[in-house]
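J.: Next input, structure requested:
(4 chains)
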4 protein chains.
Amino acid sequence: MKIKAGIIGGAGYTGGETLRLLLNHPQVEVSFVQSRSQAGKPVTTTHTDLIGETDLIYAADFNQPVDVLFLCLSHGESKKLLSEQNFASTTRIIDLGNDFRLGDKAGDREFVYGLPEFQRDKIRQAKNIANPGCFATTIQLGLLPLAQAGLLSTVYTTGITGSTGAGQKLQDTTHFTWRANNISAYKTLSHQHLGEINQTLKKLQPTFGGEVNFVPWRGDFTRGIFVTSVVTTQLTLDEVLKRYEDFYASHPFTHVSNDTIDLKQVVNTNKCFTSLEKVGDKLAIHSITDNLLKGASGQAVQNMNLMFGLDESEGLKLKGNVF
Amino acid sequence: MKIKAGIIGGAGYTGGETLRLLLNHPQVEVSFVQSRSQAGKPVTTTHTDLIGETDLIYAADFNQPVDVLFLCLSHGESKKLLSEQNFASTTRIIDLGNDFRLGDKAGDREFVYGLPEFQRDKIRQAKNIANPGCFATTIQLGLLPLAQAGLLSTVYTTGITGSTGAGQKLQDTTHFTWRANNISAYKTLSHQHLGEINQTLKKLQPTFGGEVNFVPWRGDFTRGIFVTSVVTTQLTLDEVLKRYEDFYASHPFTHVSNDTIDLKQVVNTNKCFTSLEKVGDKLAIHSITDNLLKGASGQAVQNMNLMFGLDESEGLKLKGNVF
Amino acid sequence: MKIKAGIIGGAGYTGGETLRLLLNHPQVEVSFVQSRSQAGKPVTTTHTDLIGETDLIYAADFNQPVDVLFLCLSHGESKKLLSEQNFASTTRIIDLGNDFRLGDKAGDREFVYGLPEFQRDKIRQAKNIANPGCFATTIQLGLLPLAQAGLLSTVYTTGITGSTGAGQKLQDTTHFTWRANNISAYKTLSHQHLGEINQTLKKLQPTFGGEVNFVPWRGDFTRGIFVTSVVTTQLTLDEVLKRYEDFYASHPFTHVSNDTIDLKQVVNTNKCFTSLEKVGDKLAIHSITDNLLKGASGQAVQNMNLMFGLDESEGLKLKGNVF
Amino acid sequence: MKIKAGIIGGAGYTGGETLRLLLNHPQVEVSFVQSRSQAGKPVTTTHTDLIGETDLIYAADFNQPVDVLFLCLSHGESKKLLSEQNFASTTRIIDLGNDFRLGDKAGDREFVYGLPEFQRDKIRQAKNIANPGCFATTIQLGLLPLAQAGLLSTVYTTGITGSTGAGQKLQDTTHFTWRANNISAYKTLSHQHLGEINQTLKKLQPTFGGEVNFVPWRGDFTRGIFVTSVVTTQLTLDEVLKRYEDFYASHPFTHVSNDTIDLKQVVNTNKCFTSLEKVGDKLAIHSITDNLLKGASGQAVQNMNLMFGLDESEGLKLKGNVF
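T.: Numbering: from 1, shown residues only, chains lettered A, B, ... in the order given. Modelled structure (predicted):
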């Protein structure tokens, strides 16, 4: 019998990507897609590419019984929703927002931070998942093996993100005329994902002082995150590489490349690629993801797979869009 | 003594480009830049690239005495403004909108259609100019020599425009995430520039039936228009080429290329390049412009130069942005 | 038992996309991927995004017994290969090049033109397939219902293509610095796909004079084709729409949209969307595809599915890349 | 009397931009443009946008008497040329390559490092100029005031560059299909500009240990460099800002913005914008330039202006291409 899934907030980017993944997932049946703004209209009204694939109508109501509920809401709205609505205790919840990533509960519901490469076993037992942020996922996957080995000191990170990271709302910084061929910095050294990044790193390496100096940039592309973190280490490159390869050996989506990497290798997939370079005592770790997939909806489905005992990759063997 | 110029509606794209041109124009002094929404703020608030070039403050008032007034307003607003305000009769007006292109007057003010390649002498005598539309300019410059020779029959035209053609307002079709890597059609066979195009062509060739079948596309770039028109003709390519070269020989900005042309050749310049190809009895005419310069502010300054007896190219020898 | 497939010319774009599709196809096993230039190296050397998905090594030899062979070669090379090599007569061949689209045979092998919307039943019986060209597919899918109804007269078509259409070879017109933000025309009124387009249209409508006036443009994006064809017709829009909807009702990948369409709706999918608009007696038909999928490798796999009696959509329910 | 200028290596990007600037420079006459590969052809053969602006023919010979010679050659070629050719000792030489930036001489010719914000007076007296690299210019302009104040410690810098930085040669990383929508790192922590950067910083701050940890990225745009450097400092943001404003007060092209900056503010201009942000004890300095102008040809002309006693901005008041 298939897993019954509901999506709340289905008209945005992460709601739409979650829907696209679930429509093709062999073990899932989409019970409903809710959208306040689009209720009553076909989902193809907003996700126009799905013509020919689905006849679903956006639901106004979201309290239909399902096995798993994906919350694809703006920050703060998940908490509000769960305080106002009672969902069956048997319904598992995967929140793609940032409301529960730092340990907050919703009534009795406790949330497990859903980064499989960090705590896959805990996710398998979880009832509720706080799905990691996109920059948070990409930066952490570049640093986890070092933290586990207790080797992290101050980190200098620059990351660049596609425009989908800023959501669907029209704003000056997502106007095509402004953004095309443009680069800019934002939330310099103060991005909201630093909290969850430091939380994970300190769990793995309690001595870590929590200094990730992170400068995010806006890129002139729609999808993907490219991150380079620079740290100081006395280990040789081979020693570090060995740790990364061992750490990720059992993880189907995160890979250590022996070659240079470029962002499009992972676009439209659930993959994360990392690569390492060392000069003097400085180690540079590059890591890349698709911010809407491994950085959001793909990882959410990966977490669902783990929670329901499915193969971790089910429904996630996606044809990339590398050229 | 320098020409005193005022700009009304200075915060948008065409207002901004007009300002950029006039700031570097050796014969012009910018008396004021008006903007209702930005009054009291430095023009560098919106045109942030002008830091270090100008200390002008947006004016609320626009009735300061000037020699020439550039109206950079939304369609319909120029007519409204001129019906409400009395500008000195000695003030020349160049309207970049479409309110006066089809012969409408503003009180006593008559407007000359400001396409120099069509009627340069009339522009030299004009008191007021209706500056042509961007697609209208590009399409007409591809067809004028044929119309003058009485050779036009039905025309099939496709044109693609950059996002600046849609203005500064945030809209779904100028959202970066939507527009990047995307192509779409709009106003198929019914673009508002067809009126002025047909008006010109019929003046040159009274027998022309006025059938320009024009399909506009939105492109995934910010600047420029590329147009291909296909017509039927019995003339050889050489015969047609000769007519084009003769027609444009005395015009400093419009050139007939003997090679293939590509859009970036004219980006950030006031130029128009055309090229011609013939197969069987079908002639294809390609023409390209920068929609904000030859298609708007550059042509407006060119018209100003002509009206004030200056060299047609004064202030318009721009370094292009070809790569 | 799975279908055994071989790919010849696997290092290019269409070879790579065919491989990506077959790796995820539930009924197919990739027996080998041949590449002369890459023989002996892992396929991830060139298709670097496939790290973690396959350990295949490029084969030098291509004469291993398989059920189906995909030829992903430059134009002219398929004919050469089949004249030099003997493949088992039980091996079905799908040629993605243009060598056999106009009726040429390879020894005893006859090729069926593989446009399922035109002749699906014939494809089901075929032993060898000449896979259509990318522009040819997109233009034909915009015109088939009119031709079937005998309603086609002179056609004026403009189409724009992504850079992958030009292949992997480095050339001036695929240099990033040149192509970014640029538009240009090429092979004006003389594109090599006109032969196969006219061949199909004349089969459906023997009275058709074969005049498709086609102007191809190079776009500043990597994937996809957007085409607008303009024809003259006395039918109402509703009458035409009805014919298109009926024509494509049973075809899983080609859809008639009631709304405006934009290129990214079909990128990274095997779909074709069409939409129709009418002004006066002029009908504009827009049609869009992904040039590497419905325009090449996706259609090749669709043809394979038909030839082997599988569901036409098997392995082709792809997550698009719409934003 | 105008300055007579010659360009050697005129067919590439920096040669072309130098030519475009000099053609519009009121005090300069271009005596010749040399190109080995294009000798005898019109310069419009390669710089096709210049149709209508110049009839110059590429020269084979470069030993015509001129007042100033711009060397726009590949790295290593300037040194070779000057060892083989004798240019008049009165001819000033501006080398845009990296052959003489670290103190090497060509016979008797000594070269002054041509960063006006660092040593304008020395440039005014110079006979020969080693024009700085593009990343070197952008990074240094972000750090000069700190170094002058003796406040620099370890620097962590990430920079992203447009494709023109990689030159005109066709290569895998400048293929449009690869580079569009892509980001990648290269020369991680080992970029060749580190030498000249450290040379300048140590001259200003002899205690500086020379540790600029620089990660360069390739961007998916053609023009411009965006750099963020992070340093540790106990000064308040206001104290630092004051130093930057004082330092650049007399320099016409480099500005300290009080607002966020974005790359397109300086594209197609000779400007550099910087902006500063501070969180805790970490200071982030953003700096932006057009790599071909302030990062190459524009700065070369600025240096020429200084050497010949002209206004520093002569011929460099360019209309930007901000949208």
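J.: Okay, buried residues for stretch A:45-55 please.
T.: Using 16 or more other Cβ atoms under 10 Å in any protein chain shown as the test for burial, stretch A:45-55 gives A:Thr46, A:His47, A:Thr48, A:Asp49, A:Leu50, A:Ile51, A:Gly52, A:Glu53, A:Thr54. (Each C-beta comes from the backbone N, C-alpha and C, glycine too.)
J.: In a markdown table, list the residues you listed along with pLDDT and distance to C:Leu81.
T.: As requested, the buried residues of stretch A:45-55 are exported to a markdown table (pLDDT from 0 to 100; distance: Cβ to Cβ, whole Å):
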| residue | pLDDT | distance to C:Leu81 |
| --- | --- | --- |
| A:Thr46 | 96 | 47 |
| A:His47 | 97 | 43 |
| A:Thr48 | 96 | 41 |
| A:Asp49 | 97 | 37 |
| A:Leu50 | 97 | 40 |
| A:Ile51 | 95 | 39 |
| A:Gly52 | 93 | 36 |
| A:Glu53 | 95 | 37 |
| A:Thr54 | 97 | 42 |
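J.: restrict the residues you listed to contacts with chain D.
T.: Among the buried residues of stretch A:45-55, no residue sits close to chain D (Cβ under 8 Å from any Cβ of the partner chain).
J.: Of the residues you listed, which pair is most distant in space?
T.: A:Thr46 and A:Gly52 (15.5 Å; Cβ to Cβ).
J.: could you dump stretch A:123-142 to PDB, C-alpha only?
T.: Provided in PDB are the C-alpha atoms of stretch A:123-142 (Å, rounded to 0.1, in the frame of the first residue of the first chain):
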ATOM      1  CA  ILE A 123      16.000  10.100  11.200                       C
ATOM      2  CA  ARG A 124      14.900   6.500  10.700                       C
ATOM      3  CA  GLN A 125      13.200   6.600  14.100                       C
ATOM      4  CA  ALA A 126      11.900  10.100  13.900                       C
ATOM      5  CA  LYS A 127       8.200  11.100  13.900                       C
ATOM      6  CA  ASN A 128       8.900  14.600  12.800                       C
ATOM      7  CA  ILE A 129      11.700  16.200  10.800                       C
ATOM      8  CA  ALA A 130      13.100  19.700  10.700                       C
ATOM      9  CA  ASN A 131      14.500  19.700   7.200                       C
ATOM     10  CA  PRO A 132      17.800  21.600   6.900                       C
ATOM     11  CA  GLY A 133      18.300  24.900   5.100                       C
ATOM     12  CA  CYS A 134      19.900  24.900   1.700                       C
ATOM     13  CA  PHE A 135      23.100  26.800   2.600                       C
ATOM     14  CA  ALA A 136      23.200  24.900   5.900                       C
ATOM     15  CA  THR A 137      23.100  21.600   4.100                       C
ATOM     16  CA  THR A 138      25.800  22.600   1.600                       C
ATOM     17  CA  ILE A 139      28.200  24.100   4.200                       C
ATOM     18  CA  GLN A 140      27.700  21.200   6.700                       C
ATOM     19  CA  LEU A 141      28.400  18.500   4.100                       C
ATOM     20  CA  GLY A 142      31.700  20.300   3.400                       C
END
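J.: quick check: mean pLDDT across it?
T.: For stretch A:123-142, the mean per-residue pLDDT is 98.
J.: just checking, what packs against the helix or strand harbouring A:Thr157?
T.: Per DSSP states H and E: A:Thr157 is located in strand A:155-161. Applying 3 or more Cβ pairs under 8 Å, 6 or more residues apart in numbering or on different chains; DSSP states H and E, one finds that strand A:155-161 makes contact with helix A:134-148, strand A:212-218, strand A:225-232, strand D:155-161, strand D:212-218.
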